[in-house]
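K.L.:
From the sequence below, what's the structure:
(one chain, ligands or ions: 2)
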Amino acid sequence: MSRILVTGAAGFIGSNFVRHLLRARSGAQIVGVDKLTYAGNLESLADCTEDARFRFVRCDICDADAMAPILGDGIEAIVNFAAESHVDRSILGAQEFVRTNVIGVQVLLDLARAHEVNRFLQVSTDEVYGSLGPSGKFTESTPVAPNSPYSASKTAADHLVHAYHHTFGMATLITRCSNNYGPYQFPEKLIPLFITNLLEKNKVPLYGDGMNVRDWIHVQDHCEAILTVLERGTPGQVYNIGGECEIPNIEIARRLLGHLDCDEDMIEYVTDRPGHDRRYAVDISKITKELGWRPRMNFDDGLAETVAWYLANRKWWQRIKTGEYQEYYEKQYGRGGVTVKPE
Ligand code: NAD
Ligand code: TYD
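P.N.:
Ligands and ions are numbered 1, 2, ... in the order given. Here you go, the predicted structure:
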């Protein structure tokens, strides 16, 4: 498998995955596709676009006509990261979530089938399982029970992926990962929002009582797990991925205050998210036993590194906050449709 299509390549995890693949597989030829929505940022791929093995194409995964020639160019595997990914935005409006996260996946599956792509990996989320009480963990056989429009759309996609495997025998894989953190995460998600707010001397908005629990994984560990499943996972299977690191939000906030030398009064308790899932925790026995993957990054080290990255890369996130990042693509590559990296 050397010709790989990575969709959502200009997002947080997609850009980290492209970088990982270029480093880890010298023979890889990668096409990165991204619509460059508000969450897509070509500046996150600036170093990768200099590598001759990587080509970027601006394209909407829902646009079958525009995607077909990309698939027709000998693509052997697809890793689909493209999605609307923020729960709070899905509460404000679900339409784009259904469009990209469901219809986009159907379009990609049909194209993958038509072009006889060998492997299709759908990057899903632990949020499809819904919310846990104080004990227990999500396994791959936990029934799906999504609670937000975001997680409902991701669940619908998982059902489609399963159906294409069952009906057409396509070699599909689904990964369901817990909350990621690390470099290049858009500053609307908990950890980068809190770091960048504190760096700008603004308060951090903590929802509800701050006792919601997430299972945190460093994005590099997630990328390594995805590559492992892509290369060695059994077609038709779901693999959970997690950091084995459950932490309540208030604790994350306090650790960040500590890193950035801020007082507890920088926390602002705000109205809770509607339908806020209480706890996520992922059982990773299957991927560990079958494929030998485990997370490697210790959370304290990973968080310290992440804070250091946001300190060292102020320009990257400040250009997001001012909106300038969206001009970068057009200045470099011009406006509009499918644009391939110039030689
Ligand atoms: P992100 O929002 O940072 O990136 C998503 C990317 O998809 C953006 O670059 C965006 O421009 C692109 N995109 C959106 N609509 C598109 C379309 N129609 N066509 C082409 N590109 C489009 O999200 P992320 O955090 O990098 O998440 C990537 C994937 O991983 C998502 O599928 C998400 O559900 C899943 N996931 C994320 C987490 C997490 O903690 N961030 C955890 C588990 C799973
Ligand atoms: P988030 O990063 O949006 O990821 P998800 O909702 O997919 O888990 O949120 C992580 C947790 O942090 C979640 O319990 C909601 C909470 N949260 C806040 O308390 N304040 C915020 O401003 C944000 C964005 C999230």
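
K.L.:
how would you label residue 5: helix, strand or coil?
P.N.:
On the three-state scheme (DSSP: H, G, I helix; E, B strand; the rest coil), residue 5 is labelled strand.

K.L.:
Could you tell me which residues make contact with it?
P.N.:
30-31, 33, 70-71, 75, 77-79, 117 (C-beta atoms under 8 Å, 6 or more residues apart in numbering). The way it works is simple: take the backbone N, C-alpha and C, and place the C-beta from them, glycine included.

K.L.:
what do you get for residue 264?
P.N.:
Residues counted as contacts of residue 264 (C-beta under 8 Å, 6+ apart) are 254, 257.

K.L.:
Roughly how far does it sit from ligand 1?
P.N.:
For residue 264, the distance to ligand 1 equals 26 Å [C-beta to the nearest ligand atom, to the nearest Å].

K.L.:
And that residue, how close does it get to ligand 2?
P.N.:
15 Å.

K.L.:
After the helix or strand harbouring residue 205, which helix or strand is next? Please name it.
P.N.:
Using DSSP states H and E, residue 205 sits in strand 204-207. As assigned by DSSP H and E, the chain's next helix or strand after strand 204-207 is strand 213-218.

K.L.:
what's that following strand packed up against?
P.N.:
Here strand 213-218 touches strand 179-181, strand 246-248, helix 249-259, helix 299-312, going by 3 or more C-beta pairs under 8 Å, 6 or more residues apart in numbering; DSSP states H and E.

K.L.:
Which of the contacts of residue 5 fall within helices?
P.N.:
70-71 (DSSP state H).

K.L.:
Just the contacts of residue 5: which are in strands?
P.N.:
30-31, 33, 77-79 (DSSP state E).

K.L.:
Identify, from those residues, the entry nearest to ligand 1.
P.N.:
residue 33 (6.0 Å; C-beta to the nearest ligand atom).

K.L.:
And the pLDDT for that closest one?
P.N.:
Looking at residue 33, its pLDDT reads 97.

K.L.:
Could you give the bridge partners of it?
P.N.:
Under DSSP bridges, the beta-bridge partners of residue 33 are residue 7, residue 57.

K.L.:
Including distance to residue 188, could the contacts of residue 5 go into a markdown table?
P.N.:
What follows is the contacts of residue 5, written out as a markdown table (distance: C-beta to C-beta, whole Å):
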| residue | distance to residue 188 |
| --- | --- |
| 30 | 26 |
| 31 | 27 |
| 33 | 22 |
| 70 | 28 |
| 71 | 31 |
| 75 | 31 |
| 77 | 30 |
| 78 | 26 |
| 79 | 23 |
| 117 | 32 |
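
K.L.:
the longest helix in the chain is where?
P.N.:
Of all the segments of type helix in the chain, defined by DSSP H, the longest one is helix 149-168.

K.L.:
now check that helix, is it near ligand 2?
P.N.:
No: Helix 149-168 does not reach ligand 2 (C-beta under 6 Å from any ligand atom); its nearest approach is 7.3 Å.

K.L.:
what is the mean pLDDT for that helix?
P.N.:
So the average pLDDT for helix 149-168 ends up being 98.

K.L.:
Same question for stretch 320-339.
P.N.:
Mean predicted confidence for stretch 320-339 is 68.

K.L.:
show me what contacts the closest residue to ligand 1 within the chain?
P.N.:
Closest contact between the chain and ligand 1, by C-beta to the nearest ligand atom, is at residue 11 (2.0 Å). By C-beta under 8 Å, 6+ apart, the residues touching residue 11 are 34, 39-41, 44, 81-83, 85, 186.

K.L.:
Nearest to residue 92, out of the ones in strands among the contacts of residue 5: which one, please.
P.N.:
Among these, residue 33 lies closest to residue 92 (C-beta to C-beta), at 25.9 Å.
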